[in-house]
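Peer 1: A predicted structure for the sequence below; I have some questions about it.
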Amino acid sequence: MGQATEDVIKQYDAYVMNTYVRSPLVITKAKGSRVWDVEGREYLDLFPGWGVSGLGYNHPWVMAALRGQAGRVVHVSNNYYHPLQWRAAKRLVEASFDGTVFFSNSGAEAVETAIKLARRWGEGRHEIIVMEQSFHGRTMAALSATGQSKHQEGFEPLLPGFVRVPFNDLAAVQAAVTPRTCAVLVEPIQGEGGVRVADDGFLTGLRRLCDERRLLLILDEIQTGMGRTGTWFAYQHSGAEPDLLLTAKMLGGGFPIGAVVAKRALAGVLGPGTHATTYGGSPLGCACILAAFEAVEKQRLLERVNALSPVLFARLRALKERVPAIREVRGRGFMAGVELGASGRPIVEACRAKRLLINCTQETVLRLLPALTITRAQLDRGLAMLEEALVEAAAQAT
Ligand SMILES: Cc1ncc(COP(=O)(O)O)c(C=O)c1O
């Protein structure tokens, strides 16, 4: 570790609340799938900003939109109108289903909005069925909805009204429905939960069940949305259209903004004065959303994901044959999980030493969320480095 890195870390220790598990890497510049540290070393990033920079860092069209809008107006109060909010909302609706949009600043805030909307719509029915191993965010309601007790410990009492069932188990969801149930909340692919893909049949079964029992189907696509899996939204693989669609992360091409798309029939549930956020749907954020949509569309990034995803998974599956430590390879599109039989942390660190950035979740699952704009050569290089790290770790273990 160089002096400049050490100095920054020392100042963090003094002044920044220590709530994150951080690697000793100080990033000062980024472009596309590459980042540079404060000492000038270059890294290839296969997990850019937890998927936030999924168009690549500093996408030029998003940067141009940011600069252009910053010169006009950054924020206006939601008590007035501005021309970009309806355009961004319309674009989201065109990519999903007919409805109306509420803009938030983060994923968790989109989850909070959905919980409030479902409860108000339920008119007394307030229970929401959630999945084991799910992750919906760190604010109190989103945390209460999350199906991982480790994140909840010490923060009790949680918000009541969340009923946890095993993921991908339609019979368990069916059995959990009571006269108090108003909604089912699920991620089409559990990201933090270890890159676990919902079966298409599970999602279509949930859709049917929600129709039969008059429940809202809420899909958390905060990590899977905006093309990550090769369609605008991951539910589109199954055709199980939700009543509420939540998205964030890649939505603003790096700018912090989230959204809830609600079916048109739900447009009036949250009327004036029932829900708000000061910054949500700012002109700056909406300009970034529009630029992000334009990039995915005009640069044909969905096609790109669909063309390169088989390369990614073929390579990871071939690696599984060579490295016994790999238990399973899972995912869809540009969202991949490699489950190991042991802790993934040493592999993440070994990759970083090779100048490759990846993530590990659930202790043993290596997670890749490459930028949709990554080049074939970069992807090949990244996978070669990952392979090296895994093969070397296997050799050391024997
Ligand atoms: C599926 C899912 N939902 C919700 C969240 C929370 O989003 P945020 O961190 O923007 O609040 C995340 C973040 O990782 C997520 O992956």
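Peer 2: Great, that's in hand. Numbers count the residues shown, from 1 in each chain.
Peer 1: point me to the residue of this protein nearest the ligand.
Peer 2: Of all residues in the chain, residue 107 sits closest to the ligand, at 2.3 Å by CB to the nearest ligand atom. C-beta: built from backbone N, CA, C; applies to glycine.
Peer 1: which of the three states applies to residue 366?
Peer 2: Classification of residue 366 into helix, strand or coil gives strand, according to DSSP: H, G, I helix; E, B strand; the rest coil.
Peer 1: which of the three states applies to the closest residue to residue 170 other than its chain neighbours?
Peer 2: Excluding the flanking residues, the one nearest residue 170 by CB to CB, 6 or more residues apart in numbering is residue 205, at 4.2 Å. In three-state terms, and counting by three-state DSSP, residue 205 is helix.
Peer 1: I'd like the distance between residue 205 and residue 41.
Peer 2: When distances are taken as CB to CB, to the nearest Å, residue 205 and residue 41 turn out to be 49 Å apart.
Peer 1: what about these two, which has more around it?
Peer 2: Neighbours were tallied for residue 205 and for residue 41 using other CB atoms under 10 Å; the higher tally belongs to residue 205 (19 against 12).
Peer 1: that one and residue 169 touch, don't they?
Peer 2: No - the pair formed by residue 205 and residue 169 falls short of the contact definition of CB atoms under 8 Å, at 10.0 Å.
Peer 1: could you pull out the helices for the stretch 251-398 of the chain?
Peer 2: Per DSSP state H, counting those that start in this stretch, the stretch 251-398 of the chain carries helices over the ranges 283-298, 301-322, 345-353, 376-397.
Peer 1: I'd like the distance between the closest residue to residue 373 other than its chain neighbours and residue 32.
Peer 2: If you skip the residues right next to it in sequence, residue 373 has residue 56 as its closest partner in space, 4.1 Å away by CB to CB, 6+ apart. Applying CB to CB, the value for residue 56 to residue 32 is 4 Å.
Peer 1: write out the residues of the chain neighbouring the ligand.
Peer 2: The chain has residues 50, 106-108, 111, 135-137, 187, 191-192, 220, 222-223, 248 near the ligand, with proximity defined as CB under 6 Å from any ligand atom.
Peer 1: filter the residues you listed down to the ones in strands?
Peer 2: Among the residues of the chain next to the ligand, the members falling in strands (DSSP state E) are residue 220.
Peer 1: which of the residues of the chain next to the ligand sits closest to residue 256?
Peer 2: Top of the list for closeness to residue 256, among the residues of the chain next to the ligand and by CB to CB, is residue 106 at 6.3 Å.
Peer 1: ok, that closest one touching residue 258?
Peer 2: Yes - assessed by CB under 8 Å, residue 106 is found in contact with residue 258 at 5.4 Å.
Peer 1: any residues in contact with both of those two?
Peer 2: Contact criterion CB atoms under 8 Å, 6 or more residues apart in numbering; residues bridging residue 106 and residue 258 by contacting each: residue 248.
Peer 1: so which of those two has more stuff around it?
Peer 2: Ranked by neighbour count (other CB under 10 Å), residue 106 and residue 258 place residue 258 first, with 28 against 21.
Peer 1: distance of that one from residue 34?
Peer 2: 26 Å.
Peer 1: give me the residue ranges of the stretch 51-200 of the chain where confidence is low.
Peer 2: Across the stretch 51-200 of the chain, nothing is flagged by pLDDT under 70.
Peer 1: now the helices for it?
Peer 2: In chain order, the stretch 51-200 of the chain shows helices spanning 60-70, 83-95, 107-122, 140-145, 149-152, 170-176, 200-213, with DSSP H, counting those that start in this stretch as the criterion.
Peer 1: just put these in CSV and tack on distance to residue 365.
Peer 2: Formatted as CSV, the entries for these read as follows, by distance: least, CB to CB, whole Å:
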stretch, distance to residue 365
helix 60-70, 30
helix 83-95, 29
helix 107-122, 20
helix 140-145, 21
helix 149-152, 15
helix 170-176, 23
helix 200-213, 20
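Peer 1: return the most buried member of those helices.
Peer 2: Highest mean neighbour count among the helices of the stretch 51-200 of the chain (mean count of other CB atoms under 10 Å): helix 107-122, with a mean of 24.
Peer 1: for it, name the packing helices and strands.
Peer 2: Packed against helix 107-122, as judged by 3 or more CB pairs under 8 Å, 6 or more residues apart in numbering; DSSP states H and E, are the following elements: strand 99-104, helix 140-145, strand 181-186, strand 216-220, strand 244-247, strand 258-263.
Peer 1: what comes into contact with stretch 188-202?
Peer 2: Here stretch 188-202 makes contact (CB under 8 Å, 6+ apart) with 51, 131, 133-135, 147-148, 167-170, 186-187, 203, 219, 221, 223-224, 229, 233-235, 237-238, 240, 330-332, 335-337, 339, 361-362, 364-365, 367.
Peer 1: buried set for that stretch?
Peer 2: Neighbour-count burial for stretch 188-202, with 16 or more other CB atoms under 10 Å as criterion, is recorded at 188, 189, 190, 191, 192, 193, 194, 195, 196, 197, 198, 202.
Peer 1: hmm, back to that, how many neighbouring residues does the residue nearest to residue 373 have?
Peer 2: Residue 56 sits with 25 neighbouring residues when counted by other CB under 10 Å.
Peer 1: gap between it and residue 209?
Peer 2: 39 Å.
Peer 1: so what sits against both of residue 56 and residue 32?
Peer 2: Taking CB under 8 Å, 6+ apart as the contact rule, residue 56 and residue 32 both touch 371, 373, 374.
Peer 1: adding pLDDT, write the residues you listed out as CSV.
Peer 2: As requested, these are exported to CSV (pLDDT from 0 to 100):
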residue, pLDDT
371, 98
373, 98
374, 98
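Peer 1: pretty sure residue 228 sits against residue 51.
Peer 2: Yes - with the criterion set as CB under 8 Å, residue 228 and residue 51 qualify as a contacting pair; they are 6.7 Å apart.
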